[in-house]
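After the sequence you'll find the predicted model.
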Amino acid sequence: MATTKRAEADACSLLDADHRNVKKLFKAYEELTSSRAASASQKKRELAKEICMELTVHAQIEEEIFYPALREAIKDTDLLDEAEVEHASAKDLIAQIQEATDTDDKFDAKVTVLGEYIDHHVKEERNEIFVKARAARRLDLVAMRAQLEGRKEELMAEMAGATAP
């Protein structure tokens, strides 16, 4: 009797869960951009801060753990080079968003463009990088998931501590 078993949770599924979470945050932000409520500006700022934190931590765990391991395991690293350039562009926009003093039209535009960058990046990771990672025999993506989770928890705690009053 055939049974369908879901693939074991691995590094790629953890990273993709991050992608889905941040996509929800971008959608919530987009919904607020059309709101005329007085509280919308503050809510947008809080969402933008959360988006920036999530993306910063996500990029860091990819750059520290996932990408270096993948570079050693696959031959074609052009996709990883592109991913790192995309990270640099996203980090630049994140810095601009974090440095902004108010939520003017440019603020919304920066968050929107960041979302578009991330959408593009996510598609490449899902359709190309994760496929290559899962096909690489020398990568233990299940063990790497635990490593990514641990580092992510450390970074989130550091960021929470840094932003505490």
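Good, I have the coordinates.

chain center to the one helix or strand A157 maps to, what's the gap?
If you go by DSSP states H and E, A157 is part of helix 141-163. Remark: helix 141-163 is offset 13 Å from the chain centroid, using C-alpha atoms, centre = their mean, to the nearest Å.

what do you get for stretch 71-89?
15 Å.

Please point out which parts of that stretch sit buried.
Buried residues in stretch 71-89, counted by 16 or more other C-beta atoms under 10 Å: 73-74, 77, 79-80, 83, 86-87. For every residue, glycine as well, the C-beta is placed using N, CA and C.

May I see those residues arranged in CSV, with secondary structure as well?
CSV is the format used below for the buried residues of stretch 71-89 (DSSP: H, G, I helix; E, B strand; the rest coil):
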residue, secondary structure
A73, helix
I74, coil
T77, coil
L79, helix
L80, helix
A83, helix
E86, helix
H87, helix
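
Between which two of these is the distance greatest?
Distances among these were taken as C-beta to C-beta; the most separated pair is A73 and E86, at 20.4 Å.

And for the helix or strand containing Y29, what's in contact with it?
Here Y29 is covered by helix 11-33, with elements defined by DSSP H and E. Residues from elsewhere that reach helix 11-33 (C-beta atoms under 8 Å, 6 or more residues apart in numbering): 7, 40, 43-44, 47-48, 50-51, 54-55, 58, 62, 65-66, 108, 111-112, 115, 118-119, 122, 125-126, 130, 133-134, 141-142, 144-145, 147-149.
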